[in-house]
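Student: Provided below are the primary sequence and the corresponding predicted coordinates.
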Amino acid sequence: DAEITQSPRHKITETGRQVTLACHQTWNHNNMFWYRQDLGHGLRLIHYSYGVHDTNKGEVSDGYSVSRSNTEDLPLTLESAASSQTSVYFCASSEGLAGVRDTQYFGPGTRLTVL
Amino acid sequence: AQSVTQLDSQVPVFEEAPVELRCNYSSSVSVYLFWYVQYPNQGLQLLLKYLSGSTLVKGINGFEAEFNKSQTSFHLRKPSVHISDTAEYFCAVSEKGNTPLVFGKGTRLSVIA
């Protein structure tokens, strides 16, 4: 069955370190998204991609970067981790043929703690 | 730019009672509207969505929502809840075109036996 996976599921790191969170989908979807979920803020969009080599900034993109070199993967990099980036991170994908009307399918999440 | 307000952060309700989770949005153009559900320690999954046509939308697990353009609302309802409906529910809006989804802050539904 097609799926979307995230790794690692849990990560503890130190302030200033570079961290990369992986997202892999086997749906062959065009669109991929990264969100962070924080208590009291719901889900906020970090970066998104509408296809290979396409990336766009979301609402809370400062301190994060992504690159899309193939259809299946959209890794999220924290260039220099900060305590404010402690959060649960969700990756999602959608088919993209109907644009933003398409259902988004979410991964299980990565819980990141920055000490 | 679009925005979403979920009016209740927490809603406790007894099992088999009806429930309504409220959602209002703000946009100057036509929109698509969605409700997603997040069960404990899981990612989100789609409950239902409004794209066009009938304003009453039926989703999975007995949920339905009604789009009210004049009130700019998209409230979620279920006539009789079960313990298994305990979860966080997110309303989301996207302006027609290609703007990505904007999510509300969520409503935590707790069903009490």
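Tutor: Everything's here; your move.

Student: what does chain B have sitting close to chain A?
Tutor: Counting by CB under 8 Å from any CB of the partner chain, chain B comes close to chain A at B:6, B:32, B:36, B:42-46, B:49, B:51, B:90, B:94, B:96-106. Bear in mind the C-beta positions are built from the backbone N, C-alpha and C, glycine included.

Student: those strands in chain B, which residues are they?
Tutor: Taking DSSP state E as the test, the strands found in chain B are B:3-6, B:10-14, B:19-21, B:23-26, B:31-38, B:44-50, B:56-58, B:64-68, B:73-78, B:87-95, B:102-103, B:107-112.

Student: now the ones you listed as a markdown table including mean neighbour count and mean pLDDT?
Tutor: A markdown table is the format used below for the strands of chain B (neighbours: other CB atoms under 10 Å in any protein chain shown; pLDDT from 0 to 100):
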| stretch | mean neighbour count | mean pLDDT |
| --- | --- | --- |
| strand B:3-6 | 17 | 94 |
| strand B:10-14 | 13 | 97 |
| strand B:19-21 | 19 | 98 |
| strand B:23-26 | 19 | 95 |
| strand B:31-38 | 24 | 94 |
| strand B:44-50 | 20 | 95 |
| strand B:56-58 | 14 | 96 |
| strand B:64-68 | 18 | 96 |
| strand B:73-78 | 21 | 97 |
| strand B:87-95 | 24 | 94 |
| strand B:102-103 | 22 | 93 |
| strand B:107-112 | 17 | 97 |
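
Student: In CSV, list the ones you listed along with distance to A:R36.
Tutor: Converted to CSV, the strands of chain B look like this (distance: least, CB to CB, whole Å):
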stretch, distance to A:R36
strand B:3-6, 17
strand B:10-14, 21
strand B:19-21, 23
strand B:23-26, 21
strand B:31-38, 14
strand B:44-50, 13
strand B:56-58, 28
strand B:64-68, 26
strand B:73-78, 24
strand B:87-95, 14
strand B:102-103, 11
strand B:107-112, 18
